[in-house]
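Colleague: Let's see this in three dimensions:
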Amino acid sequence: MAYTAADIKKLRESTGAGMLDCKKALEESDGDLGAAQEFLRVKGLKGVTKREGRTASNGLVAAHVDGGVGTLVEVNCETDFVAKGDRFGELAQRVLAQAVAVGATDAASLLSSQLDGQSVQQVLDEANASMGEKIEVQRVARVEGDQVVSYLHRTSPDLPPQIGVVVAVSGERAAEVGRDVAMHTAAMSPTFLTREEVSEEVVASERRLAEETAREEGRPEQAMPKIIEGRVNGFFKDNVLLEQAFAKESKKTVGKYAEEAGVQVTGFARFRVGATA
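Modeller: Numbers count the residues shown, from 1 in each chain. Predicted structure coming up:
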């Protein structure tokens, strides 16, 4: 039974597999689409272990908010072709729904949870097999507060969201301010909510680097304490959400903007596809 270019296209869309793999599957199955899908699944399962060492730097971030609870997941794949496909998007939504259902706070607990009689890891392995790519859940976050606001950002119009944020807020204008803060967070990538969250080890390292840099620059000894303190404060302003210059009003900090609106920002999580933090 012969196959056509339309058959290849249909098989690619239904499985997310590459063109050469689809052609091979159709050849092996004598043009039968159902048999070709099964061929790719079997072939894919045999290759799961081989794909473990590959880098999955594409994918998407998905978010779910229910009142005072926000869940964020990052699901990764190898190529943007798979990332923007319907099957990958549906898989990511299924994984997100499971994270919400079990109250997952990290990838390990989500992957080990049971979904329709299988672990989530087994579900991913099957998707790995049928799509011919390494697929993994990279990160999971759960943020709780009086109210949680989410924001998803597309870095390219033909790709799914690559950046996702959930922000916990309280106050009468929580929804409005939370949206502004979430969009700011997506753009400015803070690491901490307050400077109190920064570990002593990190602060000590920043102080050491500030001193070493100042000495390399030949700064006078008597000015060292002020220079070091200024650079450590600069680190806080760059990395602490509430101390960052607010993107929409740069003369105010995020903390000041929220305070003037009668809103408190109590937590956040931010993921960008492929980022390590």
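
Colleague: pLDDT of stretch 183-195, averaged?
Modeller: Mean pLDDT, stretch 183-195: 97.

Colleague: What ranges does the stretch 51-200 of the chain have for its strands?
Modeller: Along the stretch 51-200 of the chain, counting by DSSP state E, counting those that start in this stretch, strands occupy 58-66, 69-77, 114-115, 118-119, 136-144, 147-153, 163-170.

Colleague: Just to be sure, residue 236 is in a helix?
Modeller: Yes. Residue 236 forms part of a helix when assessed by DSSP: H, G, I helix; E, B strand; the rest coil.

Colleague: Could I get the contacting residues of it?
Modeller: Applying C-beta atoms under 8 Å, 6 or more residues apart in numbering, we find residue 236 in contact with 195, 198, 243. C-beta coordinates here come from the backbone N, C-alpha and C atoms, glycine included.

Colleague: Do I have it right that the last one meets residue 195?
Modeller: Yes. With contact defined as C-beta atoms under 8 Å, residue 243 reaches residue 195; the gap is 6.7 Å.

Colleague: the more surrounded of these two?
Modeller: residue 243 (20 against 16; other C-beta atoms under 10 Å).

Colleague: Which member of the contacts of residue 236 is positioned nearest residue 72?
Modeller: The closest of the contacts of residue 236 to residue 72 turns out to be residue 198 (C-beta to C-beta; 21.7 Å).

Colleague: ok, now how distant is that closest one from residue 190?
Modeller: Distance of residue 198 to residue 190, given as C-beta to C-beta, to the nearest Å: 11 Å.

Colleague: Identify the contacts common to these two.
Modeller: With C-beta under 8 Å, 6+ apart as the test, residue 198 and residue 190 both reach 239, 240.

Colleague: how many other residues sit next to residue 10?
Modeller: 15.

Colleague: Just want the phi and psi numbers for it.
Modeller: For residue 10, the backbone dihedrals (degrees, to the nearest 10) come out as phi -60, psi -40.

Colleague: Just the pLDDT for it.
Modeller: For residue 10, the model assigns a pLDDT of 80.

Colleague: Quick check, it in contact with residue 33.
Modeller: Yes. Residue 10 is within contact range of residue 33, at 6.6 Å (criterion: C-beta under 8 Å).

Colleague: coming back round to it: could you dump the contacts of residue 236 into JSON lines and include distance to residue 139?
Modeller: What follows is the contacts of residue 236, written out as JSON lines (distance: C-beta to C-beta, whole Å):
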{"residue": "195", "distance to residue 139": "24"}
{"residue": "198", "distance to residue 139": "20"}
{"residue": "243", "distance to residue 139": "24"}
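
Colleague: nearest to residue 249, of the residues you listed?
Modeller: Distance to residue 249 across the contacts of residue 236 (C-beta to C-beta) is lowest for residue 243, with 14.5 Å.

Colleague: Now do the same contact list for the closest one.
Modeller: Neighbour list for residue 243: 195, 236, 237, 253, 254, 255 [criterion: C-beta under 8 Å, 6+ apart].

Colleague: got any ranges where the chain has weak pLDDT?
Modeller: Filtered on pLDDT under 70, the chain yields the residue ranges 1, 15-18, 41-55, 276-277.

Colleague: Would you map out the domains in it?
Modeller: With domains defined by automatic domain parsing, the chain comprises 5-46, 58-194+241-272, 199-239.

Colleague: Buried deepest among these, which one?
Modeller: domain 58-194+241-272 (a mean of 19; mean count of other C-beta atoms under 10 Å).

Colleague: I am finished for the moment; much appreciated.
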